[in-house]
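Engineer: fold the following, please.
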Amino acid sequence: MLGAHKALEHGLGFFSAILIGLAATTAGGVLIDLFSGVTPEIVRPSEQLVTTAVLASSVYTLIAVLMKESHSFFPVTLLSVGIAFAFRVVAVKEHWPSIVPLDAPAAGTGRT
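Structural biologist: Predicted structure coming up:
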């Protein structure tokens, strides 16, 4: 949410703030995993990390744009974190699969 906050603070638009929030959230974890020599969690099946980051950035950006107040960083952040945390807990508990198009070919079928 800090990335989304800074994007809005610098006058970028709604979608730019979401994208910067997503990049700021996921890039650090990917770099740590790569330098540690492990597969980044972001590419593992059934990990809802990107979806959670998009959700958190979107909620933060939407509320911040609607409120149009710069002094509301903490309550908006707390709400966004709460929603993202609840989504992540449910996704892990329910073993939600990663988002894959319904018409995507199965691995190894050779369909194009």
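Engineer: which strand or helix spans the closest residue in space to Ile18 that isn't next to it in sequence?
Structural biologist: What sits nearest to Ile18 in space, not counting adjacent residues and going by C-beta to C-beta, 6 or more residues apart in numbering, is Ser57, at 4.6 Å. Bear in mind the C-beta positions are built from the backbone N, C-alpha and C, glycine included. Ser57 is part of helix 49-67 when elements are defined by DSSP states H and E.
Engineer: quick one: buried residues of that helix?
Structural biologist: By neighbour count on 16 or more other C-beta atoms under 10 Å, the buried set for helix 49-67 is 49, 51-62, 64.
Engineer: mind putting these into JSON lines with distance to Val30?
Structural biologist: Compiled in JSON lines, those are given as follows (distance: C-beta to C-beta, whole Å):
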{"residue": "Leu49", "distance to Val30": "10"}
{"residue": "Thr51", "distance to Val30": "16"}
{"residue": "Thr52", "distance to Val30": "15"}
{"residue": "Ala53", "distance to Val30": "11"}
{"residue": "Val54", "distance to Val30": "15"}
{"residue": "Leu55", "distance to Val30": "18"}
{"residue": "Ala56", "distance to Val30": "17"}
{"residue": "Ser57", "distance to Val30": "16"}
{"residue": "Ser58", "distance to Val30": "20"}
{"residue": "Val59", "distance to Val30": "22"}
{"residue": "Tyr60", "distance to Val30": "21"}
{"residue": "Thr61", "distance to Val30": "22"}
{"residue": "Leu62", "distance to Val30": "26"}
{"residue": "Ala64", "distance to Val30": "26"}
